[in-house]
Each structure stands twice: as structure tokens, then as C-alpha cells.
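Trainee: Sequence first, then the predicted structure:
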Amino acid sequence: MKNTFLVVLVCVIVFCITSCHKSYTTFSPIDPYLLAHYNFQPGTYWIYRDSVTGKEDSIIVYRNERDTFFEKGNSQYGEYIRMSTRIFRDSLIDTGLFHIDANTIRFDDGTERGYMFGYVNTTITADTTVLGMVYKNIKKYRYSEFHSFCSAEDIGILQYNTCDSALTNKYLKQLIRYRIIK
């Protein structure tokens with residue numbers, strides 16, 4: 001009787017373990033467009049001017065990591081590239097993030113407001129002028145009433161709108177200089 005009970009118990013445990021295993025069936029590779037135009041390497045930097053204060057912020061890529069993700073509950077897995085950044089503003093040094101994956105660009109300017117998202121299928125506009133420079137084939141992303149940004153292929157974010165933590169003052173950060181390493 002004891003042996004039968006042990007055999008049944010082992011079978012139940014094995015069945016539970018194997019039936020609980022979830023296989024990931026949908027793979028989401030990094031969008032080829034994003035991979036070709038927004039995969040910035042360490043040493044890449046952008047310098048922005050604040051439209052209200054005139055102060056400059058610098059964003060520098062110091063790490064580029066390609067990895068995979070798993071989404072529990074919907075059987076998806078895929079790739080992403082995370083470009084870790086250091087942000088220098090006034091006398092503060094913050095950390096931020098530039099992230100690309102299957103269909104999004106995520107940008108974190110190092111403030112408590114967190115990420116701004118943009119989707120690959122966003123409409124491309126003809127031209128955009130930022131501080132007297134004309135950029136072509138621009139994608140504009142509106143994340144919320146207070147947050148938006150536009151980007152150019154092989155350059156990155158040209159300008160972004162943000163606000164203070166009380167959502168009362170809006171700021172426009174505009175690109176003044178950059179160096180891209182691919």
C-alpha cells in the first residue's frame with residue numbers, strides 16, 4: 001500500500017510540474033528599423049538646451065546591452081537593447097535610459113516622471129527645425145499632454161517636452177550638439 005501511494009504521489013508531482021511549464025511561442029525580435037537607426041554605442045552623447053532656463057543638459061550613453069525578455073501570461077518573448085545613460089544637469093548627475101525593442105522606443109530623462117514611449121509605426125513628418133537646424137524624416141511621439149518627443153534617424157531625440165513634478169511648468173529641451181557612435 002505504501003509503495004502504491006508513493007508511486008501515485010510521484011506521478012502527480014511529475015504531472016503537475018510538466019503541466020505547469022509554459023512554453024513561449026511568440027518571439028518578438030528588435031524592430032529592424034530601430035536596430036539600424038537607434039542602436040547607439042557607449043560614447044554617444046546629446047546636449048540639450050532648456051527653453052525656459054537656457055541651461056544645458058548632457059546625456060551620455062555608457063552601456064549598450066542586448067538581452068531577451070519574457071512576458072508571463074501571454075507566451076511572448078523577445079529581444080531588446082537597453083542603452084544606459086548618465087545625465088548631467090546643473091550640478092546633478094542622474095541615470096537615464098534609452099531602450100528599443102520589437103515596436104517601441106523608451107526614453108527616460110532621469111527625472112521622477114519616468115519613461116516616455118514612442119511606437120515604431122508613428123507618422124513620419126517631412127521636416128522639423130530645431131534651433132535653426134533642419135532635420136528630415138522626423139518621427140513625432142506624443143506620450144501625454146505633458147510629455148512628447150521627436151526623433152531623427154541616426155541622431156536620436158531632437159527635442160522633448162517635459163514638465164515639473166507638479167505638472168505646472170512645461171519645458172522644451174532642444175538638441176544643440178551630439179556625437180553618435182554606431
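Mentor: Sure, I can see it.

Trainee: On the C-terminal side of the one helix or strand Ile93 maps to, identify the next helix or strand.
Mentor: Element membership for Ile93 (DSSP states H and E) is strand 92-100. Counting by DSSP H and E, the next helix or strand C-terminal to strand 92-100 is strand 104-108.

Trainee: so what does that next one touch, helix or strand wise?
Mentor: If contacts are counted by 3 or more Cβ pairs under 8 Å, 6 or more residues apart in numbering; DSSP states H and E, strand 104-108 sits against strand 92-100, strand 115-119. Heads up, the C-betas are built off the backbone N, CA and C, glycines and all.

Trainee: all helices for this protein, in order.
Mentor: Assigned by DSSP state H, the chain shows helices spanning 2-20, 32-37.

Trainee: ok, of the ones you listed, where does mean pLDDT dip lowest?
Mentor: Note on the helices of the chain: helix 2-20 shows the lowest mean pLDDT, a mean of 58.

Trainee: Which residues belonging to the lengthiest strand in the chain are considered buried?
Mentor: Secondary structure assigned by DSSP state E gives strand 56-71 as the longest strand of the chain. Within strand 56-71, the residues scored as buried using 16 or more other Cβ atoms under 10 Å are 57, 59-61, 64.

Trainee: who touches the nearest residue to Phe88 once chain neighbours are set aside in this structure?
Mentor: The shortest distance from Phe88 to any non-neighbouring residue, by Cβ to Cβ, 6 or more residues apart in numbering, is to Ser58 (4.4 Å). Ser58 makes contact with 45-48, 87-89 under the criterion Cβ atoms under 8 Å, 6 or more residues apart in numbering.

Trainee: Likewise for Leu35?
Mentor: Leu35 neighbours (Cβ under 8 Å, 6+ apart): 81, 100.

Trainee: now with 10 Å?
Mentor: 29, 66, 79, 81, 100 (Cβ atoms under 10 Å, 6 or more residues apart in numbering).
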